[in-house]
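Visitor: got a predicted structure here, sequence first:
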Amino acid sequence: MQSLLELRHLKTVQALRNAGSLVRAAQLLNLTQSALSHQLKALEEQYGAPLFERKSLPLRFTAPGERLLALAGTVLPAVDEAERDISRQVQGVAGSLRIAVECHTCFDWLMPAMDIFRHRWPEVELDIVSGFHADPVGLIHQNRADLAIVSEHDESDAGQGIDFHPLFQYEIVAIVANDSALASRNWIGAQDFVGQTLITYPVPDEMLDILRQVLTPAGIKLARRSTELTVAMLQLVASGRGIAALPLWAVQNYLERRYVSAVKIGEHGLFGKLYASCVAETSQRPYLTDFVSMTRESCFLTLPGITLL
């Protein structure tokens, strides 16, 4: 029997295991669900057996599927390591990755991603440019950072030699006290914020999606209170001092403990986006592209309520 097995097939079964469903695995691999199903069907026809149980929840692999997963666990890390070794040999090992961020909650997922990167690229000097920055791309232009995590794809920066690599989209929810009248609502609109105190991070208004996308277009201005710390924001909300709008993944633990309540903003939800930006000339450095790819995957698999861009 002539084998049709390729590295992409191993990546497919591994993504299916990690993501837990065809829909999420297709997104992780940047494929359509139809293309992913076609790959799996071809493999199953090749081996004459199903690789996983179609209606199982959680998803369960058959014995042939488990064998391919074991092969993927052996082969794919070895291939990745070989490719990194070749990059080091061809381009050298010297390099730096200084990261600047514009969002306070980025550190929640950025630190685990950096730990993975340090293990994969031990020769690259990795650092976070200290503190929050309202214009992290400006630090790239000043050669004070190599990569910036930003919430907008700025065409003016793109015209100045900056590449933007999409990371993920995430839902922003209204955070209210458990005894608030809004807590029982399916969703709230701009008018429901009237009379509330909006608790935010101390950042410019144009960087806050709740203002830029919801309140400002509706002509609504609220009393404001700001704090640097997410936990301080949640404490203020829990004690009835106001309302906040935060990424769902940043507050999931507090919601599970019923410390505060979350309500969808708008009938279809409010969403923010994150990009990794860097100088176009350096964007193809193997360690930088690997950082973006690895960050996208680790966040998709660990953060609730996000989709890849």
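Guide: Done, it's in. None of these values were measured; they are calculated from a predicted model.
Visitor: where in the stretch 201-309 of the chain is pLDDT low?
Guide: Applying pLDDT under 70 to the stretch 201-309 of the chain picks out no residues at all.
Visitor: to clarify, my last question referred to the stretch 51-200 of the chain.
Guide: Residues of the stretch 51-200 of the chain that meet the cut-off, pLDDT under 70, sit at 89-94, 130-134, 155-159.
Visitor: how's this protein carved up into domains?
Guide: For the chain, the structural domains run 7-89, 94-169+272-308, 170-271, going by automatic domain parsing.
Visitor: export those to TSV and tack on mean neighbour count?
Guide: For the C-beta atoms, the positions are set from N, CA and C on the backbone; glycine is no exception. Shown next, in TSV, are the domains of the chain (neighbours: other CB atoms under 10 Å):
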stretch	mean neighbour count
domain 7-89	15
domain 94-169+272-308	17
domain 170-271	17
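Visitor: who's in contact with the host helix or strand of Asp108?
Guide: Asp108 belongs to helix 107-120 when assigned by DSSP states H and E. Identification of contacts with helix 107-120 by CB atoms under 8 Å, 6 or more residues apart in numbering yields 80, 84, 97, 99, 101, 124, 126, 128, 149, 249-250, 287, 290-291, 294-295, 298-299, 302-303.
Visitor: what of stretch 201-211?
Guide: Residues from elsewhere that reach stretch 201-211, judged by CB under 8 Å, 6+ apart: 102, 104, 132, 134, 151, 172, 198, 200, 212, 216, 226-228, 233, 245, 265, 270-272.
Visitor: and the top helix by length along the chain with helix 107-120, angle?
Guide: When the chain is parsed with DSSP state H, its longest helix is helix 63-91. Helix 63-91 and helix 107-120 are oriented at 70 degrees to each other (axes from the mean of the first three to the mean of the last three CA atoms, to 10 degrees).
Visitor: packing partners for helix 63-91?
Guide: Counting contacts by 3 or more CB pairs under 8 Å, 6 or more residues apart in numbering; DSSP states H and E, helix 63-91 is packed against helix 7-19, helix 286-302.
Visitor: between it and helix 7-19, how big is the angle?
Guide: Interaxial angle, helix 63-91 versus helix 7-19 (the same axes, to 10 degrees): 110 degrees.
Visitor: sheet partners, orientation included, of the biggest strand by length in the chain?
Guide: Longest strand in the chain by number of residues (criterion: DSSP state E): strand 162-176. Paired strands of strand 162-176, with direction, are strand 243-247 (antiparallel), strand 261-265 (antiparallel), strand 270-279 (antiparallel), strand 306-308 (antiparallel) (DSSP bridges).
Visitor: need those strands in CSV with distance to His38, can you?
Guide: Formatted as CSV, the strands paired with strand 162-176 follow (distance: least, CB to CB, whole Å):
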stretch, distance to His38
strand 243-247, 35
strand 261-265, 35
strand 270-279, 30
strand 306-308, 20
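Visitor: for Phe52, find the nearest of these.
Guide: Across the strands paired with strand 162-176, Phe52 has its closest neighbour in strand 306-308 (22.0 Å, CB to CB).
Visitor: contacts for that closest one?
Guide: Residues outside strand 306-308 that contact it (CB under 8 Å, 6+ apart): 27-28, 30, 166-171, 249, 296, 299-300.
Visitor: end-to-end on stretch 238-248?
Guide: This stretch, stretch 238-248, spans 16 Å end to end (CA to CA, to the nearest Å).
Visitor: so what touches it?
Guide: 105, 170-180, 182, 193, 196-200, 208-210, 223, 225, 230, 233-234, 236-237, 259-260, 262, 265, 270, 272, 304-305.
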